[in-house]
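Enquirer: Okay, sequence plus prediction incoming.
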Amino acid sequence: MPELPEVETTRRGIRTAMRGRRIVRFELRDHRLRWPVAPAIARELPGQRVRDVGRRAKYLLIELERGTLIAHLGMSGSLRVVPAGTPWLKHDHYEVELDSGRCLRFNDPRRFGSLHWVTGDPLEHPLLARLGPEPLERGFDGACLAARARGRRIAVKQFLLDQHTVVGVGNIYASEALFRAGIHPRRAAGRVSRARYDRLAGSVREVLEDAIRQGGTTLRDYVSADGTPGYFRQELFVYERAGQPCRRCGATIRKLAQGQRSTYFCPRCQT
Ligand SMILES: [Zn+2]
């Protein structure tokens, strides 16, 4: 599944190709995505210039002159920039053609991706309105984690995955950030000290920034005709390393199940 670093890398890639360009055509081959795509988009978009491409959580915000496209990659989606007229591939669902002779093409075998057109403030759209803070922006810190955790018994790993706590911290990054901060994933969120939340906020930022840096080197894959998304294989300390020695202390990395997902941790480094 594309995680926040992949979405951010996609944003940077398509922003370069789209910003300042005018849309000449929108084509929808299949409206059956996670939610049906409104056919009106094909009438609204042509003639509009792309002001910018932003992001909120894992939603890409393609800002036009009279509204915003809100695009989500779902479980298996990818957005590529290809020359106009490139033959459609299986699972290509829509394209946005630009006056540069290139177009943005969306491919998604599992169809959990989505595309919405809004004319008001996109941040007030029901999909975005109640999301927690952005992990890479000012305002995300130990104080904000501690405030949200106060009195809560939920495991800190689950707390970190909750989009009301902070957005875009997926399973890989939650495991890695907790390792770097030395916090046991099963510890109750309300029983993590403020000092440790300061460390955790820093390590969340660090793992995401590392992954984005890594992604920068594969950016080309995201904007080429045959680009397919994948996890950035950064140096991982615990994720999918059960049974192997901890890179820090040598103890055996363990795996446990939390909310139907696997959590990896070092029983010695994390308390
Ligand atoms: Zn260890």
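Expert: Nice, thanks for sending it over.
Enquirer: alpha carbons only for contacts and neighbour counts from here, please
Expert: Fine.
Enquirer: Could you verify my assumption that residue 108 touches residue 78?
Expert: Yes: Residue 108 is within contact range of residue 78, at 6.4 Å (criterion: Cα atoms under 8 Å).
Enquirer: Which of these two has more residues huddled nearby?
Expert: Comparing residue 108 with residue 78 by other Cα atoms under 10 Å, the one with more neighbours is residue 78, at 25 against 21.
Enquirer: where does the stretch 101-250 of the chain come near the ion, residue by residue?
Expert: Residues of the stretch 101-250 of the chain lying near the ion by Cα under 5 Å from the ion: 246, 249.
Enquirer: Please report the number of neighbouring residues for whichever residue of the stretch 101-250 of the chain sits closest to the ion.
Expert: The stretch 101-250 of the chain approaches the ion most closely through residue 249 (4.1 Å), counting by Cα to the ion. Using other Cα under 10 Å, the number of residues around residue 249 comes to 10.
Enquirer: ok, which stretches of the chain are strands?
Expert: 23-28, 50-56, 59-64, 68-72, 78-83, 92-98, 102-107, 114-118, 254-258, 261-265 (DSSP state E).
Enquirer: would you turn these into a markdown table with mean pLDDT?
Expert: Below are the strands of the chain laid out as a markdown table (pLDDT from 0 to 100):
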| stretch | mean pLDDT |
| --- | --- |
| strand 23-28 | 95 |
| strand 50-56 | 97 |
| strand 59-64 | 97 |
| strand 68-72 | 96 |
| strand 78-83 | 92 |
| strand 92-98 | 95 |
| strand 102-107 | 94 |
| strand 114-118 | 94 |
| strand 254-258 | 96 |
| strand 261-265 | 96 |
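Enquirer: can you put the ones you listed in CSV and add distance to residue 182?
Expert: Rendered in CSV, the data for those read as follows (distance: least, Cα to Cα, whole Å):
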stretch, distance to residue 182
strand 23-28, 48
strand 50-56, 29
strand 59-64, 30
strand 68-72, 33
strand 78-83, 34
strand 92-98, 43
strand 102-107, 39
strand 114-118, 37
strand 254-258, 14
strand 261-265, 9
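Enquirer: Residue 171: which of those is closest?
Expert: Evaluated over those, closeness to residue 171 peaks at strand 261-265, with 7.5 Å, by Cα to Cα.
Enquirer: Which neighbouring elements make contact with that closest one?
Expert: Counting contacts by 3 or more Cα pairs under 8 Å, 6 or more residues apart in numbering; DSSP states H and E, strand 261-265 is packed against helix 171-181, strand 254-258.
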